[in-house]
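Enquirer: Need the 3D shape of this:
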Amino acid sequence: MARDIVLFLPGLLCDRAVWEPQIAALSARYDCLVADYGSADSLVAMAHSALGRTPARFSLVGHSMGGRVALEIMRSVPERVARLALLDTGYQARLEGEAGEAECRKRYRLLELASSEGMRVMGRQWVQGMVHPDRLQDTGLIDPILAMIERKTPQIFAAQIRALLDRPSAEAVLRAIRCPTLVLCGRQDGWSPLSRHEQMRSLITGASLAVIEDSGHMVTLERPQPVAARLEGWLGHL
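Expert: Okay, here's the model as predicted:
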């Protein structure tokens with residue numbers, strides 16, 4: 001009997017490493033795939049790339065930018081998604097006016113740093129707002145994150161920045177979702193705050209919300225066991 005497929009979608013500058021704890025917990029029962037977006041510079045192109053590896057029906061898990069990619073998959077082929085999990089992500093388009101321009105400047109300053117000083121140097125600055133403040137000196141957590149970032153290039157970083165800055169609103173997508181959906185967030189996520197996930201849960205019919213205590217944005221690595229447990233429960237929903 002064929003096993004169910006779970007497709008994992010990494011976030012900005014992330015790869016399979018961000019999902020390893022959850023894959024280790026789930027792989028005894030599920031076939032786990034991890035998307036690689038290559039040099040794609042739009043969420044639509046990332047979604048298309050991710051779908052190239054999937055069967056007709058699968059469960060979908062997206063973290064951060066990967067959650068945005070998941071919503072593009074839901075926009076285009078919702079009938080293929082058996083279950084959906086959205087972790088530490090968002091659904092709104094970039095703000096107009098000064099707020100949107102400020103986001104643009106912030107992202108491109110990091111790109112300039114990556115291009116001039118290297119991805120690891122940039123990563124040390126980027127990670128400051130990505131994990132729980134109490135974990136910033138935890139080398140067991142931080143070093144693997146920096147190594148993951150260093151595996152990417154400034155060119156890939158630039159492509160992913162373009163994709164995020166051009167992100168569309170996905171509110172209509174959320175309202176149309178009908179599959180079992182888990183919305184999950186680290187309580188101390190300063191980049192994609194809990195309030196946004198509460199909004200997402202309210203927009204999705206029947207969605208459940210899981211809050212992971214003592215975690216920032218990189219919840220799959222900061223609190224791997226609670227996240228894996230929540231995903232196991234979600235996968236067993238049907």
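Enquirer: okay, now residue 216: neighbour count?
Expert: Neighbour count of residue 216, defined by other CB atoms under 10 Å: 26. Every residue, glycine included, has its C-beta placed from N, CA and C.
Enquirer: Kindly report the same for the one 10 residues further on.
Expert: The number of residues packed around residue 226, counting by other CB under 10 Å, is 18.
Enquirer: Do you have the helices of the protein handy? List them.
Expert: Using DSSP state H, the helices found in the chain span residues 20-26, 43-51, 65-76, 97-117, 119-126, 139-150, 154-165, 171-176, 194-203, 219-222, 224-235.
Enquirer: Tell me which of these is the most buried.
Expert: helix 219-222 (a mean of 28; mean count of other CB atoms under 10 Å).
Enquirer: Could you list every helix and strand that that helix packs against?
Expert: Judged by 3 or more CB pairs under 8 Å, 6 or more residues apart in numbering; DSSP states H and E, helix 219-222 is in contact with helix 20-26, helix 139-150, strand 181-186.
Enquirer: low-scoring stretches of the chain, by residue?
Expert: Applying pLDDT under 70 to the chain flags residues 1, 237-238.
Enquirer: so what's the residue sitting nearest the centre point of it closest to, chain neighbours aside?
Expert: Closest residue to the average C-alpha location of the chain: residue 63 at 1.7 Å, with CA atoms, centre = their mean. Leaving aside its chain neighbours, residue 63 sits nearest to residue 87 (4.3 Å; criterion: CB to CB, 6 or more residues apart in numbering).
Enquirer: domain ranges for this protein?
Expert: 5-94+168-235, 97-162 (automatic domain parsing).
Enquirer: Include distance to residue 185 when you put the helices of the chain into a markdown table, please.
Expert: Converted to a markdown table, the helices of the chain look like this (distance: least, CB to CB, whole Å):
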| stretch | distance to residue 185 |
| --- | --- |
| helix 20-26 | 16 |
| helix 43-51 | 20 |
| helix 65-76 | 10 |
| helix 97-117 | 20 |
| helix 119-126 | 19 |
| helix 139-150 | 18 |
| helix 154-165 | 18 |
| helix 171-176 | 15 |
| helix 194-203 | 4 |
| helix 219-222 | 7 |
| helix 224-235 | 11 |
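Enquirer: Tell me which of those sits nearest to residue 213.
Expert: Across those, residue 213 has its closest neighbour in helix 224-235 (7.8 Å, CB to CB).
Enquirer: Contact partners for the residue nearest to residue 63?
Expert: 61-64, 66-67, 184-185, 219-220, 227 (CB atoms under 8 Å, 6 or more residues apart in numbering).
Enquirer: JSON lines for the helices and strands packed on helix 219-222, including distance to residue 34?
Expert: As requested, the helices and strands packed on helix 219-222 are exported to JSON lines (distance: least, CB to CB, whole Å):
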{"stretch": "helix 20-26", "distance to residue 34": "8"}
{"stretch": "helix 139-150", "distance to residue 34": "12"}
{"stretch": "strand 181-186", "distance to residue 34": "18"}
